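1. Below is the sequence, then the predicted model.
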Amino acid sequence: MKKDTVESPPFTSNQKIIIAILALLQFTVILDFIVISPLGDILMKKLDMTTANFGFTVSAYAFSAGISGLLAAGFADKFDRKKLLLFFYTGFIIGTVFCALSTSYTTLLLARIFTGLFGGVIGSVSLAIVTDLFIIHQRGRVMGFIQMAYGASQILGVPLGLYCANHWGWHSSFLMIAVLGVIILLAIITQMPAITKHLELQSDKSPFLHLWHTLSNKNYQIGFAAIALLSVGGFMMQPFGSVFLVNNIHISQEDLPMVFFLTGLSVLFIMPIVGKLSDKVSKFKLFTAGSILSVIMIIIYTNLGPIPLWQVVVLTMIMFMGIMSRMVPATTLNTAIPEMKDRGAYMSITSSMQQIAGGIAAVSAGFIVHQETKSSPLENYDILGYVISVITLFTVFLIWRVNQLAKRREDAAKEIEI
């Protein structure tokens, strides 16, 4: 019987530094995006937004990130990946400062668009760096550590951001992210080496031809579709999470930081375990198990009424364990699809498709849910749960297709070595 386990080589000291930098970088990018959700109730009341307005505020970042990712895709394999990362991360920091300076729905919307133009490309550049510097049997652990940034942002960033918002206004949450971003930018400049190996494989074709070549590859299209749908659930559910907790579950604004802290703690605990499992067992089976758990918990969660705080925390922790257990194996499998010469473009397009799909999801969610007044219960949140569950199950099929492609590439690579 064929074994489903493999040996995972240890990381070098240089690789550990790169992992730390990328994890910290992702921490700020993820925090900048998800902090909108816990601030949602405050922003909707302070800036007089409807649920549709707030959906557009969330999707504005996603749409601009998707567009910039597509425009950058043709150029993504033409430059040193470190220089690309520095350029887009600098723009991201500037955009976050603009968010902090916003005084109305319109100015915040424009600031989110600007931030998305830069922030949306960072994830794809980071993935290309991971794929260049780590072999496939290390990437699960790498992605596990990098995805820990999500848990860390929940544990440290979101509660701190909410604390700042409750004491010094919501603007201070974005200033906090910008200051941290400057420190990480300096670490990238001083600690990350140039990453140019992919440049040796480049042809003379124009960036637009490179983009078209990548977009038109039928195998790549399967990966684009799978990763795009992977993020839809989060974009539909999370933006209105704090509104649901405050107005339906009757959790106070003061208790929200504790909910996000403990949820993030569970994610921080589970991500390294999932990362290790992803390098040792079938990534597809791991993804399927996480999907089934996610569907069960999402349906339960979106149908909740007023319950004690401890029950909310327990249910939220279990739900996010399922959701995040899908991300590592799916993202790791996806990195095996592109050839080295196409990796930057592939990751940029993947990120773009993910952001655009998420933007559509956020807008759709804003029209599905409804709130009569600023303090009345959020309606139709349960419908969101059912929609997300159906999409989650369909994603299992697409990731199965990605898994088949990844196996073929791995088998082909072994034959070449022999």
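-> Right, received. Where do you want to start?
2. rest of the way, CA atoms for contacts and neighbours
-> Noted.
3. list the helices and strands the helix or strand containing residue 241 packs on?
-> Here residue 241 sits within helix 241-247, counting by DSSP states H and E. Counting contacts by 3 or more CA pairs under 8 Å, 6 or more residues apart in numbering; DSSP states H and E, helix 241-247 is packed against helix 40-46.
4. pLDDT (mean, whole number) over the helix it packs on?
-> In this model, helix 40-46 carries a mean pLDDT of 75.
5. Beyond that helix, next helix or strand please.
-> helix 51-73.
6. Phi and psi next, for residue 379.
-> Residue 379 adopts backbone torsions of phi -100, psi 150, taken as degrees, to the nearest 10.
7. what residues are up against it?
-> 369, 370, 371 (CA atoms under 8 Å, 6 or more residues apart in numbering).
8. Could you identify the buried members of those residues?
-> For the contacts of residue 379, a burial check counting by 16 or more other CA atoms under 10 Å picks out 369, 370.
9. From the contacts of residue 379, pick the one nearest residue 380.
-> residue 369 (5.0 Å; CA to CA).
10. quick one: pLDDT of the closest one?
-> 85.
11. now do residue 76
-> Taking residue 76 on its own, its pLDDT is 59.
12. Leaving out chain neighbours, which residue sits closest to residue 357?
-> Of all residues not flanking residue 357 in the chain, residue 228 sits nearest, at 5.8 Å (CA to CA, 6 or more residues apart in numbering).
13. For the host helix or strand of residue 219, which residues meet the burial criterion?
-> Using DSSP H and E, residue 219 sits within helix 218-230. Within helix 218-230, the residues scored as buried using 16+ other CA under 10 Å are 220, 221, 222, 223, 224, 225, 226, 227, 228, 229, 230.
14. circling back: and the residue nearest to residue 357, what does it touch?
-> Under the criterion of CA under 8 Å, 6+ apart, the neighbours of residue 228 are 350, 351, 353, 354, 355, 356, 357, 358.
15. and what of residue 92?
-> Contacts of residue 92 by CA under 8 Å, 6+ apart are 114, 115, 116, 117, 118, 119.
16. Give me the neighbour count for the first one.
-> Counted with other CA atoms under 10 Å, the burial measure for residue 114 works out to 22 neighbours.
17. Could you do the fourth one as well?
-> For residue 117, the number of neighbouring residues by other CA under 10 Å comes to 25.
18. Going forward, the N-terminal residue is numbered 222.
-> All right, first residue 222 from here; so that's residue 338.
19. Double-check it against residue 285; I have them as touching.
-> Yes: Residue 338 is within contact range of residue 285, at 5.1 Å (criterion: CA atoms under 8 Å).
20. neighbouring contacts of the helix holding residue 462?
-> So helix 462-468 is in contact with 258-262, 472-474, 477, 596-599, 602, going by CA under 8 Å, 6+ apart.
21. which regions of the stretch 522-639 of the chain sit below the pLDDT cut-off?
-> 561-562, 564-565, 631-639 (pLDDT under 70).
22. got any ranges where the stretch 372-521 of the chain has weak pLDDT?
-> If you take pLDDT under 70 as the line, the stretch 372-521 of the chain has these spans: 372-379, 417-428, 431, 499.
23. Can you list the residue ranges for helices in it?
-> Secondary structure of the stretch 372-521 of the chain (DSSP state H, counting those that start in this stretch): helices at 379-389, 392-412, 428-437, 439-451, 453-458, 462-468, 477-501, 504-523.
24. Serialize these to JSON lines and add fields for distance to residue 317.
-> Output for the helices of the stretch 372-521 of the chain, formatted as JSON lines (distance: least, CA to CA, whole Å):
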{"stretch": "helix 379-389", "distance to residue 317": "13"}
{"stretch": "helix 392-412", "distance to residue 317": "6"}
{"stretch": "helix 428-437", "distance to residue 317": "29"}
{"stretch": "helix 439-451", "distance to residue 317": "25"}
{"stretch": "helix 453-458", "distance to residue 317": "20"}
{"stretch": "helix 462-468", "distance to residue 317": "21"}
{"stretch": "helix 477-501", "distance to residue 317": "21"}
{"stretch": "helix 504-523", "distance to residue 317": "31"}
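25. Would you mind telling me which of these is nearest residue 307?
-> Nearest to residue 307, of these and by CA to CA, is helix 392-412 at 7.1 Å.
26. Which strands or helices does the closest one pack on?
-> Using 3+ CA pairs under 8 Å, 6+ apart: helix 392-412 touches helix 234-255, helix 302-321, helix 379-389.
27. List the buried residues of that helix.
-> 392, 393, 394, 395, 396, 397, 398, 399, 402, 405, 406, 409.
28. Who are the contact partners of the second one?
-> By CA under 8 Å, 6+ apart, the contact list for residue 393 reads 321, 382, 385, 386.
29. ok, now the fourth one?
-> Taking CA under 8 Å, 6+ apart as the definition of contact, the neighbours of residue 395 are 253, 317, 318, 320, 321, 382.
30. Can you get me a residue count around the closest residue to residue 257 other than its chain neighbours?
-> Excluding the flanking residues, the one nearest residue 257 by CA to CA, 6+ apart is residue 460, at 7.0 Å. The tally of other residues near residue 460 (other CA under 10 Å) stands at 28.
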